[in-house]
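Novice: Build me a model from this:
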Amino acid sequence: MRKRHWKNRKNRKCPSCSKILTYTRKDTFDRAVGNNSVCKSCAHQDRKFTLETIEKMKQPKSTQHKKKISKSITTWWVEKKQEDLRYGINTK
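Specialist: Sure, this is the predicted structure:
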């Protein structure tokens, strides 16, 4: 594949903080311009939790909840193994 050169199109400013964003590929640059996407630090600023939510996440899980998690993971692995066997994939 031939490398295409596109001068002066690999840098753009973040719309919210004006930080310079550098792109190595033309398609990702074009997508970012089309979506008017922001930099990673600005994207993470919107993800804020209330103090109640943080405290809720800190609490230990109940034994009933742990059993449900264990059961769902076990079910997932069983289904995956059966699917692999259907397609002839040996997972040993």
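
Novice: mind checking pLDDT for the residue nearest to residue 20 when sequence neighbours are not counted?
Specialist: Using Cβ to Cβ, 6 or more residues apart in numbering and skipping residues adjacent in sequence, the residue nearest residue 20 is residue 11, 5.6 Å away. C-beta here means a position set from N, CA and C on the backbone, and glycine is covered the same way. At residue 11, the predicted lDDT confidence score is 88.

Novice: Distance of residue 11 relative to residue 32?
Specialist: 11 Å (Cβ to Cβ, to the nearest Å).

Novice: How about residue 12?
Specialist: 7 Å.

Novice: Show me the common contact partners of the two, please.
Specialist: Common contact partners of residue 12 and residue 32 (Cβ atoms under 8 Å, 6 or more residues apart in numbering): 21, 23.

Novice: quick revisit: what about the residue nearest to residue 20, how many residues nearby?
Specialist: By other Cβ atoms under 10 Å, 10 other residues sit near residue 11.

Novice: so what's it up against?
Specialist: 20, 21, 22, 23.

Novice: what's the following helix or strand after the helix or strand of the chain with the lowest mean pLDDT?
Specialist: In the chain, no helix or strand scores lower on mean pLDDT, DSSP states H and E than helix 40-45, which sits at a mean of 84. Going down the chain from helix 40-45, the next helix or strand is helix 51-58, by DSSP states H and E.

Novice: following that following helix, which helix or strand shows up next?
Specialist: Going down the chain from helix 51-58, the next helix or strand is helix 63-86, by DSSP H and E.

Novice: With just CA atoms, put that next one into CSV.
Specialist: C-alpha atoms of helix 63-86 as CSV (Å, rounded to 0.1, in the frame of the first residue of the first chain):
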residue,chain,number,x,y,z
THR,A,63,-22.6,-13.2,49.4
GLN,A,64,-25.8,-13.5,47.3
HIS,A,65,-24.4,-11.0,44.8
LYS,A,66,-21.0,-12.9,44.7
LYS,A,67,-22.9,-16.1,43.9
LYS,A,68,-24.8,-14.5,41.1
ILE,A,69,-21.5,-13.2,39.6
SER,A,70,-19.9,-16.6,39.9
LYS,A,71,-22.8,-18.3,38.3
SER,A,72,-22.9,-15.9,35.3
ILE,A,73,-19.2,-16.3,34.7
THR,A,74,-19.4,-20.1,34.9
THR,A,75,-22.4,-20.1,32.5
TRP,A,76,-20.4,-17.9,30.1
TRP,A,77,-17.4,-20.2,30.1
VAL,A,78,-19.6,-23.3,29.5
GLU,A,79,-21.4,-21.6,26.6
LYS,A,80,-18.0,-20.5,25.1
LYS,A,81,-16.6,-24.1,25.4
GLN,A,82,-19.7,-25.5,23.7
GLU,A,83,-19.5,-22.9,20.9
ASP,A,84,-15.8,-23.7,20.4
LEU,A,85,-16.6,-27.4,20.2
ARG,A,86,-19.4,-26.7,17.6
